[in-house]
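**Student:** here is a sequence with its predicted model. Questions after.
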Amino acid sequence: FLVISSLSFGQNESQEVSDENEFDRWSIEVNAGVNKPTKPFTFNYYSSDPKKYFNISSVNHFDVGARYMLSNSFGLKIDFGYDKIENQKGSGSLDFEAIQYRVGLQGVANLGSIMNFRSFTNRFNLLAHAGIQISQFTPKVGRFREITEDNGGVVFGFTPQLRITNSIVLTGDFSVINNLRQHYNWDGVSLSTEDNNLSGTMFVSSVGLTYYIGKNKKHADWSDNI
């Protein structure tokens with residue numbers, strides 16, 4: 001009887017430890033923010049006033065994504081983004097407007113797990129992401145109006161996280177998007193010059209919410225490095 005009880009207790013204890021070590025892996029995210037294309041632009045066209053150090057634009061970026069963590073340190077994500085690119089009022093730029101749709105496939109590193117953030121905080125975390133992206137860019141004014149160009153390149157960035165509940169996280173994100181075969185300038189009015197080598201760069205800053213899918217107490221983002 002004592003042997004059977006001891007084995008049963010050991011099995012229950014092992015099951016409890018196993019359950020504590022299990023974590024959810026899926027999440028979905030929604031973000032909104034602002035974009036800042038930097039190059040290339042046609043002469044006398046720019047998205048913000050070049051004479052000012054700080055420019056605040058209206059919300060012109062939206063994206064949604066889904067992420068799966070292979071472990072509590074590394075995962076994969078796919079995201080879909082929309083950017084409206086236009087001159088700010090009062091910037092001194094000639095008027096322009098363009099639209100870009102983008103889809104990206106990226107690897108994700110949970111820096112909080114890798115760097116053992118859990119030793120000093122259970123509320124703040126940091127992710128890094130990088131991968132490839134393809135996009136469609138469509139000018140809305142000028143001689144290339146409504147002529148869509150397919151682009152491709154890379155995207156990388158960092159995502160600070162603030163845990164609100166076990167299922168909902170407030171996030172910020174700063175990403176760099178680089179097109180490697182962009183023929184249009186960001187204003188869409190003219191073609192990029194040859195010395196630009198068909199490259200285009202855009203910075204995106206956004207805030208959003210992440211929702212964890214699953215029934216475990218923790219998501220991989222907040223699991224100890226086991």
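**Tutor:** Sure, I can see it. Numbering: from 1, shown residues only.
**Student:** which residue ranges of this protein form strands?
**Tutor:** 26-39, 61-69, 74-86, 97-110, 124-139, 149-163, 168-179, 200-213 (DSSP state E).
**Student:** mind putting those strands into TSV with mean pLDDT and distance to Val189?
**Tutor:** The C-beta positions use only the backbone N, C-alpha and C, and glycine is treated the same way. TSV is the format used below for the strands of the chain (pLDDT from 0 to 100; distance: least, CB to CB, whole Å):
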stretch	mean pLDDT	distance to Val189
strand 26-39	95	13
strand 61-69	98	21
strand 74-86	97	12
strand 97-110	97	9
strand 124-139	97	7
strand 149-163	97	14
strand 168-179	97	17
strand 200-213	96	14
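**Student:** I'd say Glu29 and Ile78 touch.
**Tutor:** No: counting by CB atoms under 8 Å, Glu29 stays clear of Ile78, with 10.8 Å between them.
**Student:** now list whatever residues contact both of the two.
**Tutor:** Common contacts of Glu29 and Ile78 (CB atoms under 8 Å, 6 or more residues apart in numbering): 65-66.
**Student:** more neighbours: these two, which one.
**Tutor:** Glu29 (20 against 14; other CB atoms under 10 Å).
**Student:** for the more buried one, give me its contacts.
**Tutor:** Contacts of Glu29 (CB under 8 Å, 6+ apart): 64-67, 79, 171, 208-211.
**Student:** which of those residues are buried?
**Tutor:** By neighbour count, with 16 or more other CB atoms under 10 Å, the contacts of Glu29 hold 65, 67, 79, 171, 208, 210 as buried.
**Student:** possible to save those residues as TSV with distance to Trp222?
**Tutor:** TSV is the format used below for those (distance: CB to CB, whole Å):
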residue	distance to Trp222
Gly65	19
Arg67	14
Asp79	21
Thr171	13
Gly208	18
Thr210	11
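**Student:** nearest to Lys217 among those?
**Tutor:** Thr210 (16.6 Å; CB to CB).
**Student:** please name the bridge partners of the closest one.
**Tutor:** Glu29, Val169 (DSSP bridges).
**Student:** ok, which of the strands of the chain comes nearest Thr193?
**Tutor:** Nearest to Thr193 among the strands of the chain is strand 26-39 (10.5 Å), distances taken as CB to CB.
**Student:** buried residues, the closest one. List them.
**Tutor:** Buried residues in strand 26-39 (16+ other CB under 10 Å): 27, 29, 31, 33-37.
**Student:** kindly report the same for stretch 216-226.
**Tutor:** Buried-residue list, stretch 216-226, by 16+ other CB under 10 Å: 216, 218-223.
**Student:** farthest-apart pair in these, please.
**Tutor:** Counting by CB to CB, the most remote pair of those is Asn216 and Asp221, 12.0 Å apart.
**Student:** excluding its backbone neighbours, what's nearest Tyr212?
**Tutor:** Nearest residue to Tyr212, sequence neighbours excluded (CB to CB, 6 or more residues apart in numbering): His219, at 4.2 Å.
**Student:** thought that neighbour was touching Ile28?
**Tutor:** No: counting by CB under 8 Å, His219 does not reach Ile28; the two are 11.7 Å apart.
**Student:** next up, the contacts around Leu209.
**Tutor:** Taking CB under 8 Å, 6+ apart as the test, what Leu209 contacts is 29-30, 168-171.
**Student:** adding distance to Leu105, write those residues out as JSON lines.
**Tutor:** JSON lines is the format used below for those (distance: CB to CB, whole Å):
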{"residue": "Glu29", "distance to Leu105": "15"}
{"residue": "Val30", "distance to Leu105": "18"}
{"residue": "Ile168", "distance to Leu105": "25"}
{"residue": "Val169", "distance to Leu105": "22"}
{"residue": "Leu170", "distance to Leu105": "25"}
{"residue": "Thr171", "distance to Leu105": "19"}
